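J.: kindly return the folded structure for what I paste below:
(chains A, B, C and D)
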2 protein chains.
Amino acid sequence: MVTIYDIAKACGCSSATVSKALNNYPDVNIKTKEKIKKKAKELGFVPNLQARALSTKRTWNIGVLFEDKSNSGLTHYYFSQVLQAVKEQAEEKGYDITFISKNLGGVDMSYLEHCNRRNIDGVVIACIDFKDNQVQELMASKIPVVVIDYDSEFVSAIMSDNVRGLYELTSYLIALGHRDIVYAYGHEVYVTEERIRGFKKALDEAGIPFTEDMLVKSRYSEKQANIDAVEEILKREKLPTAVLFPDDYAAIWGINAFRNHGVKIPEDISVAGFDGVEIGEMIFPRLTTIKQNTVRLGKEASLKCIQLLESKSKDNTKITVGIELIPGGTAMPPKTQM
Amino acid sequence: MVTIYDIAKACGCSSATVSKALNNYPDVNIKTKEKIKKKAKELGFVPNLQARALSTKRTWNIGVLFEDKSNSGLTHYYFSQVLQAVKEQAEEKGYDITFISKNLGGVDMSYLEHCNRRNIDGVVIACIDFKDNQVQELMASKIPVVVIDYDSEFVSAIMSDNVRGLYELTSYLIALGHRDIVYAYGHEVYVTEERIRGFKKALDEAGIPFTEDMLVKSRYSEKQANIDAVEEILKREKLPTAVLFPDDYAAIWGINAFRNHGVKIPEDISVAGFDGVEIGEMIFPRLTTIKQNTVRLGKEASLKCIQLLESKSKDNTKITVGIELIPGGTAMPPKTQM
DNA sequence: CTGAAAGCGCTAACAG
DNA sequence: CTGTTAGCGCTTTCAG
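T.: Residues are numbered from 1 along each chain as shown, chains lettered A, B, ... in the order given. Next up, the predicted model:
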């Protein structure tokens, strides 16, 4: 391993000058600077980030906290896209990503402790359960934090326009002629509340009275929970003409469950998802859904996090990212059975 | 931030003793050890890994190099599963993951340089293009390296039994009665060569003469390339009765392409994929495929990497992980048209 | 413009 | 069993 001392020796100057030259400080003779840089390249010098971090208190590392209840981790159809965007944007700015987890190495350790051990410069949080004590602890810490799809007084947040998402989707179905719509909603978290709000708003505007049976409890990203939801719905005397699922993944299994019971989609029941991930395009007919802008969500989160950590501050800026309705073949006008 | 000096002061001992106590060295009085540990917890001490790394030359960080030609990154249906397993296993052993990339922060930087900057302890490589100079450079470096699905004299490798995968899949189709089988193969890399070998072996054993038109060039994980492959096949005078695609993702778009041309799957043509990821279950009928054991691949890679880095060595152990045939509704006996 | 020196937080001989 | 000391590699005053 070649250090700045090796370069200093080779150039006949001090390590301080080498450091300054390599970091492009202005107060170093242009000639010596060039000489040092040349020599550094020649010797194959690679700066040691640990050493640098020790003296600068900057690791150029951004923590990413992502845990979902279904435990899909990196394989999550929706979040993997967001994470990819977070990562790409961070890398573009020179930061590496470190996943924050509990129980590292069998020792259990809080998220905050993990962050502090690694001295990450900031954290992006995208998880389902923001009520988790450890997540709260992290948000309340001195570390710059950006959350995705959560609303808090204390941290910066990037969010999808969830209210509008469900509002547009529901309005679209209503426009198709549906009135008996069921929303199989996901885990009871902030995002879900927002979506339910959008759902009700659309009904309200269309003059359709909201009744409790329009809401069925389900779960995000969980196959069985959605199959169960379908079975519950099928027990009803009067079936709805449209069912909205928590996400695209859920919708696909929901559709399959309906079909296994002989219910035709979209002929008998219209179905829609949420997220707009590629699996919605793989099935036939294409899934009607709301596309979330995962790339923007991720990039904005990274950028905001970097902005915060570079100014060593925290704030509670909110950035809302738009959504887009994607009509597909799974939602059609209801059969006129009158 | 509380340091070992703070603890030392509070306990009336030296920092050296604190360090030893906290690291469970045997040569420290059990009483003082307990006192120190208690005090450390009390003060909320969190060790600084950068500082430790600087003196121990161990960062407890494993690099993960993953680049595929389709640039899907973390959103790759197959690799995200492998990565998740690598990550989980690494974390269980106390290691964090760092993604290795080129062009960090706009500056272009080789994979090796990225590794050296971060002083990662070892690397797991799972990429398509092992011929890449930078990948080769990394494999040839002093850093312990484990590759997934590649064969090299110089590094340890974990691989799926690709030969057997295509052998079993092809044999299965032959057993169903197919003789006119086309393999739309992916990028021309090691894994592909292996699979083609398995394909030919199966034909050979069944006494079916191999002809060049049984092979069609396609690409892994790329929608358009596989649609193109389908279109090329459809131009033929005599259609095959079965088509094998590079992976499940490819197979799904292949099936859709066939259907868009009025070709019924599996009635007119049988189709199979490779990988065994969940999307194969989402479509109807379920995709016939070969399931790769992504969890084992990932875990073994992590474990091997850790074993190497802990012994500060490199070797060229090969571990082969089995595959499993998953019959699905996309492959049926061919229509008897005689 | 250059360099000496101290320090970031921790570990690792080596004495005692 | 405990403490002194010298680094690990880099940055950062502060003199010169």
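
J.: can you name the residues in contact with stretch A:122-131?
T.: The contact list for stretch A:122-131 (CB atoms under 8 Å, 6 or more residues apart in numbering or on different chains) reads A:62-69, A:79, A:82-83, A:86, A:100, A:115, A:135-136, A:138-139, A:143-150, A:152, A:187, A:189-190, A:220, A:301-302, A:305-306, A:308-309. Where C-beta positions appear, they are placed from N, C-alpha and C, glycine not excepted.

J.: in contact with the residue sitting furthest away from the middle of chain A: list those residues for me.
T.: No residue in chain A sits farther from the centre than A:Gly12, which is 51.2 Å out by CA atoms, centre = their mean. A:Gly12 makes no contacts at all, as judged by CB under 8 Å, 6+ apart.

J.: with A:Thr289 instead?
T.: A:Leu169, A:Asp248, A:Ala251, A:Ala272, A:Gly273, A:Phe274, A:Asp275, A:Gly276, A:Gly280, A:Ile326, A:Gly328.

J.: that one looks like it's in a helix, true?
T.: No: with DSSP: H, G, I helix; E, B strand; the rest coil as the criterion, A:Thr289 is located in strand rather than a helix.

J.: which residue packs closest to A:Lys20, ignoring adjacent ones?
T.: A:Val28 (4.8 Å; CB to CB, 6 or more residues apart in numbering or on different chains).

J.: the one you found sits in which helix or strand?
T.: Under DSSP states H and E, no helix or strand contains A:Val28.

J.: what kind of secondary structure is A:Glu281 in?
T.: Quick answer, by three-state DSSP: A:Glu281 is helix.

J.: show the pLDDT at it.
T.: Note for A:Glu281: predicted pLDDT of 96.

J.: A:Ala140 versus the nearest residue to it once chain neighbours are set aside, what's the distance?
T.: Nearest residue to A:Glu281, sequence neighbours excluded (CB to CB, 6+ apart): A:Leu287, at 7.4 Å. Computed with CB to CB, to the nearest Å, the distance linking A:Leu287 and A:Ala140 is 39 Å.

J.: which of those two has more neighbours?
T.: A:Leu287 (29 against 14; other CB atoms under 10 Å in any protein chain shown).

J.: contact partners for that one?
T.: A:248, A:251-252, A:255, A:271-273, A:279-281, A:326, A:328, A:330.

J.: closest one to B:Asn316 out of these, please.
T.: Nearest to B:Asn316, judged by CB to CB, of the contacts of A:Leu287 is A:Ile279 at 38.8 Å.

J.: ok, and what's touching stretch A:37-53?
T.: So stretch A:37-53 is contacted by A:1-4, A:6-7, A:10-11, A:18, A:21-22, A:58-60, A:119, B:50-51, B:53-54, B:59, B:113, B:116-119 (CB under 8 Å, 6+ apart).

J.: any of the residues you listed buried? List them.
T.: For these, a burial check counting by 16 or more other CB atoms under 10 Å in any protein chain shown picks out A:3-4, A:6-7, A:10-11, A:18, A:21-22, A:59-60, A:119, B:50-51, B:53-54, B:59, B:113, B:116-119.

J.: out of the residues you listed, which touch DNA strand C?
T.: On the criterion CB under 7 Å from any atom of the strand, B:Ala51, B:Leu54 are the entries of the buried ones among the contacts of stretch A:37-53 that sit beside DNA strand C.

J.: got a PyMOL select line for the buried ones in the contacts of stretch A:122-131?
T.: Here is the PyMOL command that selects the buried residues among the contacts of stretch A:122-131 (16+ other CB under 10 Å):
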select buried, chain A and resi 62+63+64+65+66+67+68+79+82+83+86+100+115+135+138+139+143+144+145+146+147+148+149+150+152+187+189+190+220+301+302+305+306+308+309
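
J.: now, the contacts of stretch A:122-131 that are in helices?
T.: A:79, A:82-83, A:86, A:115, A:135-136, A:138-139, A:190, A:301-302, A:305-306, A:308-309 (DSSP state H).

J.: how about the helices of the stretch 151-300 of chain A, start to end?
T.: A:162-176, A:190-206, A:223-234, A:248-260, A:279-282, A:294-310 (DSSP state H, counting those that start in this stretch).

J.: and of these, who's closest to B:Tyr183?
T.: Once these are compared by CB to CB, helix A:279-282 is nearest, at 21.8 Å.

J.: could I have the closest one exported to PDB, CA atoms only?
T.: Provided in PDB are the C-alpha atoms of helix A:279-282 (Å, rounded to 0.1, in the frame of the first residue of the first chain):
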ATOM      1  CA  ILE A 279     -44.900  -7.500 -13.300                       C
ATOM      2  CA  GLY A 280     -48.200  -5.700 -14.100                       C
ATOM      3  CA  GLU A 281     -47.200  -5.800 -17.800                       C
ATOM      4  CA  MET A 282     -46.300  -9.400 -17.800                       C
END
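
J.: sorry, back to before: which among the contacts of stretch A:122-131 are in contact with DNA strand D?
T.: Within those, nothing lies near DNA strand D by CB under 7 Å from any atom of the strand.

J.: returning to that earlier point: quick one: which of the helices of the stretch 151-300 of chain A is nearest A:Thr241?
T.: helix A:162-176 (8.5 Å).

J.: returning to that earlier point: list phi and psi for the residue farthest from the centre of chain A.
T.: As for A:Gly12, its main-chain torsions (degrees, to the nearest 10) stand at phi 70, psi 40.

J.: same check, this time on the one 10 residues further on
T.: Backbone dihedrals for A:Leu22, given as degrees, to the nearest 10, come out at phi -70, psi -30.

J.: so stretch A:232-251, near chain B or not?
T.: No: judged by CB under 8 Å from any CB of the partner chain, stretch A:232-251 makes no contact with chain B; its nearest approach is 8.5 Å.

J.: okay, buried residues for that stretch please.
T.: Buried, per 16+ other CB under 10 Å, within stretch A:232-251: A:233, A:240-251.

J.: repeat that for stretch A:220-231.
T.: Result for stretch A:220-231 [16+ other CB under 10 Å]: buried residues A:Tyr220, A:Ser221, A:Glu222, A:Lys223, A:Ala225, A:Asn226, A:Ile227, A:Asp228, A:Ala229, A:Val230.

J.: could you pull up the residues touching the last one?
T.: Under the criterion of CB under 8 Å, 6+ apart, the neighbours of A:Val230 are A:Ala184, A:Val243, A:Gly254, A:Ala257, A:Phe258, A:His261.

J.: now with 6 Å, please.
T.: If you count contacts by CB atoms under 6 Å, 6 or more residues apart in numbering or on different chains, A:Val230 has them with A:Gly254, A:Ala257, A:Phe258.

J.: and the pLDDT for the residue lying closest to A:Gly276 once chain neighbours are set aside?
T.: Spatial nearest neighbour of A:Gly276, chain neighbours left out: A:Lys291 (2.6 Å); criterion: CB to CB, 6+ apart. For A:Lys291, the pLDDT comes out at 98.

J.: per-residue confidence averaged over stretch A:89-104?
T.: 94.

J.: pull the CA atoms of that stretch into PDB?
T.: The C-alpha trace of stretch A:89-104 is given here as PDB (Å, rounded to 0.1, in the frame of the first residue of the first chain):
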ATOM      1  CA  GLN A  89     -27.800   9.000  -7.300                       C
ATOM      2  CA  ALA A  90     -25.600   8.500  -4.300                       C
ATOM      3  CA  GLU A  91     -22.800   7.000  -6.300                       C
ATOM      4  CA  GLU A  92     -23.000   9.800  -8.800                       C
ATOM      5  CA  LYS A  93     -22.300  12.100  -6.000                       C
ATOM      6  CA  GLY A  94     -19.400  10.000  -4.700                       C
ATOM      7  CA  TYR A  95     -21.200   8.200  -1.900                       C
ATOM      8  CA  ASP A  96     -21.400   4.500  -1.100                       C
ATOM      9  CA  ILE A  97     -24.400   2.800   0.300                       C
ATOM     10  CA  THR A  98     -24.400   0.800   3.500                       C
ATOM     11  CA  PHE A  99     -27.400  -1.200   4.600                       C
ATOM     12  CA  ILE A 100     -28.500  -0.600   8.100                       C
ATOM     13  CA  SER A 101     -29.700  -3.600  10.000                       C
ATOM     14  CA  LYS A 102     -30.300  -4.800  13.500                       C
ATOM     15  CA  ASN A 103     -28.500  -7.900  14.800                       C
ATOM     16  CA  LEU A 104     -25.400  -7.500  12.900                       C
END
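
J.: fine, thanks again, bye for now.
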